[in-house]
Each structure stands twice: as structure tokens, then as C-alpha cells.
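**Q** What follows is a predicted protein model with its sequence.
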Amino acid sequence: MKVVVAIDSLKGSLTSLEAGEAIRDGVLNVFPDADVQVRPLADGGEGTVEALVLGMGGELQKIMVTGPHGRQVEAAYGILSDKTTAVMEMAQAAGITMVEGEERNPLYTTTYGVGEMICDAMNRGCRNFIVGIGGSATNDGGIGMLMALGYEFIDAENKSVSMFGEGLRDIAEVRKEKVNPLLSECSFRIACDVTNPLCGPEGCSAIYGPQKGATPEIVKTMDGWLAKFAETVKKVFPEADPVYPGTGAAGGLGFAFRTFTNAVLESGIRIILDETKLEEYVKDADVVITGEGRLDGQTVMGKAPVGVAEIAKKYDKIVLAFAGCVTPDAVACNEHGIDAYFPILQGVSTLEEAMDGENARKNMTATVTQAFLLLSRAMK
């Protein structure tokens, strides 16, 4: 029997690969001679770097960069085994969890450190980038990142503007003469699962600004600044499109990537499934296993397990899913390629006990063992 395992992390309990190894143990308890292939899985958000680096023989790089508040922080990104592909999460350098509640104010946060990570990777030989842009603390339109890459944003007095969100207010001109020459050799796949435009009632300021500390007045002000910014950018990049779906992601970082670099905005799970070449493994499998920490009605909205199931069903494979917990509306997963799903909790416990890594591993293995005992019986 050949089994392919591609399960997302159980955040706070097991990484993608740890969960996969626990599943492997459960399968081998029933089918000792089974060929169980564990593949890394993530959706482009938190955990993507770890999953791809560990699962694809890459290396983790840790560097000091400018954090969202302007102070130095340590950021980690991965370089895959091909030595030319870098995997990054913008939240490592500009994440909202890095800014305390009272410090949250998008006027004074920056994406500069994201650009520093990119420069570091370019200097190490990387030319292909996978960048997850969820969880930002910023609303700077990406100007911080772009400054680190060499773009200049000049005010009416011929001076550089602030690298923070407030810098948007003063931009009168965009200059590209000092851009890092390596940037033209690079391509970017941006994991972006939101469709917000840059500005307007559905734009980044209005929808995401409040959670980043923006008052209603700041939201209105920054939305106007971003609209003006987009018009200024069009003088240099006529194809700039601030209404393109996803340009409002990460406080306008989607707009910056799509306009100023050779980038495409894509579904995070699609990028990961493509980069890990999961389909090549699934083709010859007898059973495909997936899952995540919590299976619910949102799982079918483009999340990792359903992405795996869609590939598996192209080849009419059995798909089982395991999760830390499930909700009643998870039944929707059965209509999206997951044949059956199982919560792994073995009995009444506290949340802390359930999320303990060792407990989660044992619960996963035990549940998978029982599911495959049933499968073995059905195969006789």
C-alpha cells in the first residue's frame, strides 16, 4: 500500500512534518510494509517557511532587520535545496504580533525589514521568491520594503519621505535609478488569499486598518494618501492597477509587489502544492491523508486540506482527513473531496492537555491506527 500524507500544522501542537510522522506511525501499525510518503504542507501563512525548509531539504537563515516599529528584530527565512529559491513570511519582519497593543498605529509602522530580507536572499544567490504576506502590522503601501530595495520616494522639497506609513502623505515623486540591480533578475510568487483592492470601502485601510490601530480618522486619511500614491506611481509605472484583487493585502504590500517587482499574486495553497510537486506523489497513491488543527466550514474556502483533496480526486483517490477538532459545519468538507474526517481527541481533556505536543502526537497515531484497521477490514 502507498499512502501520501500532506497535513497542515496543528498550530501550537505539531508542525506539518511532526503531524505527518505521527500519521505514518499509525499507518505502519496496521500495514507494516506500507510506503508512506510525508510531504510538507502549508497555506502560505504562518508555518510556511518551516514546512518547506524542513520538508524540502532547505536551510533556515536568521538575520537582523528593521522591525515594524523601526527597531532591530531577528527574522528568519528559508533557502530551498536548489539554492536559488527563498521562502519568506513578511510577518517575520513586519508582523502584527510584533507590535504591542498600545504601539499599534499604521502611521508609524513599516515594511522596510521585508525589503532587507529580500536583499539578503538576493546577495546569497536567490532569484526566485515565495512570499507569504499575511499578518501584517503595516499600512504603508509597501514603501518601506521598496526603499530597502532602492526605490526612492521624494517629497515636494526633494527630500526622502519617512519609511513609515506617514511617509505616504508626502510622496511627490517616485525614482527608480538606485534600485538594486539584482531585483530585475528576480521573480516573486506572492501568497495572497484576500481580494481587497488598495483603496476604497473594501481597501486595506478600511478593512484591516482598525485591527492595526487605526482610528476612523486615520483610516480615512490613509485611504486618501494611498489613492494619491497610486496616481503618483502611475507616472512611472503606467500599468499600476490599484483595484486589482489583492493589491490591498498586507496594507498595500500586494500593490507594491505587483507594481514594482516581477510578481504574481496567487492562492497560497496553490503555490505550496505546486512547489512541493504533491501531484507527482499523489498519482500513484492508494490513500491520501490531509488535515489541519481545526476542520470547519472555512476549510472549504481555499484552505490547505481541500487543496490536497482536489488534487487527489483528479486521480480518484481515497482522501482521509485528521484534525485536532472538528465543528458541525465541517460536513461541507465531504462535498469537497474529503471522503471522511476524524477528530483525534481520545477523551475529555483540558485545552492545554489536548494541545500538548506529545499528547497530540499520541492521539494522532492512535486515531489513524483505528481508521486504517477499518480500512484493512474493508479491503479483505
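**A** Here it is on my side, so go on.
**Q** Give me the mean pLDDT for stretch 252-261.
**A** Stretch 252-261 carries an average pLDDT of 98.
**Q** contacts for it?
**A** Stretch 252-261 has contacts (Cβ atoms under 8 Å, 6 or more residues apart in numbering) with 90, 111, 114, 131, 133, 136, 138-143, 145-146, 149, 151, 183, 186, 188, 190, 192, 198, 204, 226, 230, 233, 237, 239-242, 244, 246-248, 263-265. In short, each C-beta sits where N, CA and C put it, glycine included.
**Q** Break the chain down into its structural domains.
**A** Following automatic domain parsing, one finds the domains of the chain at 2-41+277-379, 48-269.
**Q** Quick one: these as a markdown table, columns for mean neighbour count too.
**A** Output for those, formatted as a markdown table (neighbours: other Cβ atoms under 10 Å):
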| stretch | mean neighbour count |
| --- | --- |
| domain 2-41+277-379 | 19 |
| domain 48-269 | 21 |
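**Q** and residue 237, which of the three is it?
**A** Per DSSP: H, G, I helix; E, B strand; the rest coil, the local secondary structure of residue 237 is coil.
**Q** Distance check, it against residue 229.
**A** Applying Cβ to Cβ, to the nearest Å, the value for residue 237 to residue 229 is 12 Å.
**Q** repeat for residue 259
**A** Residue 259 is 10 Å from residue 229, by Cβ to Cβ.
**Q** cool, and residue 247?
**A** With distances taken as Cβ to Cβ, residue 247 is found 12 Å from residue 229.
**Q** Tell me the helices and strands packed up against the helix or strand of the chain with the lowest mean pLDDT.
**A** Counting by mean pLDDT, DSSP states H and E, the chain has its least confident helix or strand at helix 48-55, which shows a mean of 84. Applying 3 or more Cβ pairs under 8 Å, 6 or more residues apart in numbering; DSSP states H and E, one finds that helix 48-55 contacts helix 16-30, strand 59-66, strand 72-79, strand 85-89, strand 128-132, helix 268-275.
**Q** what do residue 247 and residue 229 both touch?
**A** In contact with both residue 247 and residue 229: no residue, using Cβ under 8 Å, 6+ apart.
**Q** quick one: which of the contacts of stretch 252-261 sit in helices?
**A** 114, 143, 145, 146, 204, 226, 230, 233 (DSSP state H).
**Q** list the contacts for the closest residue in space to the first one that isn't next to it in sequence?
**A** So the one you mean is residue 114. Nearest residue to residue 114 in three dimensions, chain neighbours excluded: residue 145, at 4.3 Å (Cβ to Cβ, 6 or more residues apart in numbering). Counting by Cβ under 8 Å, 6+ apart, residue 145 makes contact with 111, 112, 114, 115, 118, 253, 256.
**Q** Could you check how far residue 145 is from residue 281?
**A** From residue 145 to residue 281 the distance is 35 Å (Cβ to Cβ).
**Q** for the stretch 251-380 of the chain, what are the low-confidence residue spans?
**A** By pLDDT under 70, the stretch 251-380 of the chain has no low-scoring segment.
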